[in-house]
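Peer 1: Kindly generate the corresponding structure for this input.
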Amino acid sequence: MFKMDLNHLDLATRRLVVEIQLQDLQDLLEHSNRKGKGRQGDVTGFAAALDVYKTELAEVAQVLHDRELCKSICRAVSRDADLIGIALEEEQQAREDRNLALIIREGRSEPKNIS
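Peer 2: As a prediction, the model looks like this:
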């Protein structure tokens, strides 16, 4: 079985190549259906091969889509991790400020363990 190696291409170009192949395949399917040779309901070897090829291209397109989605999630997590870290630091500072304010107000020397 022939496998086209698209790994040297960037993700957007790979998706475009697969999209064009799917369009070409759709044109072939429409053309072969218009010829009308053979009995109705019979599947030729050519038609079966086109169906298998269409399934494989759809799988490749899905893998590329999934890969793009994973990269997007990864970027979002990386961005959000910094923001979450900042928010946690701000919350910790607010807790410490509150404990200090309680110490001052109550005249204690030890902070209460408040979570």
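Peer 1: mind checking which helix or strand the residue most central in space within the chain is in?
Peer 2: Computing the C-alpha centroid of the chain and ranking residues by Cα atoms, centre = their mean puts residue 69 first, at 1.1 Å. Take DSSP states H and E as the rule and residue 69 turns out to sit in helix 45-106.
Peer 1: helices or strands next to that helix in the packing?
Peer 2: For helix 45-106, the packing partners by 3 or more Cβ pairs under 8 Å, 6 or more residues apart in numbering; DSSP states H and E come out as helix 11-35. C-beta coordinates here come from the backbone N, C-alpha and C atoms, glycine included.
Peer 1: Next, the angle helix 45-106 makes with the helix it packs on.
Peer 2: Relative orientation of helix 11-35 versus helix 45-106 (axes from the mean of the first three to the mean of the last three Cα atoms, to 10 degrees): 150 degrees.
Peer 1: So for helix 11-35, what gets flagged as buried?
Peer 2: Neighbour-count burial for helix 11-35 flags 14-15, 17-18, 21-22, 25 (criterion: 16 or more other Cβ atoms under 10 Å).
Peer 1: and that helix, what does it pack onto?
Peer 2: helix 45-106.
Peer 1: Below-threshold pLDDT in the chain: ranges please.
Peer 2: 1-4, 33-43, 109-115 (pLDDT under 70).
Peer 1: Can you dump the C-alpha atoms of stretch 25-35 in PDB for me?
Peer 2: Taking Å, rounded to 0.1, in the frame of the first residue of the first chain, the C-alpha atoms of stretch 25-35 are listed here in PDB:
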ATOM      1  CA  LEU A  25     -11.500  12.100  -5.300                       C
ATOM      2  CA  GLN A  26     -15.000  13.500  -5.100                       C
ATOM      3  CA  ASP A  27     -14.700  14.600  -8.700                       C
ATOM      4  CA  LEU A  28     -13.600  11.100  -9.700                       C
ATOM      5  CA  LEU A  29     -16.500   9.500  -7.800                       C
ATOM      6  CA  GLU A  30     -19.000  11.800  -9.500                       C
ATOM      7  CA  HIS A  31     -17.400  11.100 -12.900                       C
ATOM      8  CA  SER A  32     -17.400   7.300 -12.400                       C
ATOM      9  CA  ASN A  33     -21.000   7.400 -11.200                       C
ATOM     10  CA  ARG A  34     -22.100   9.300 -14.300                       C
ATOM     11  CA  LYS A  35     -20.600   6.700 -16.700                       C
END
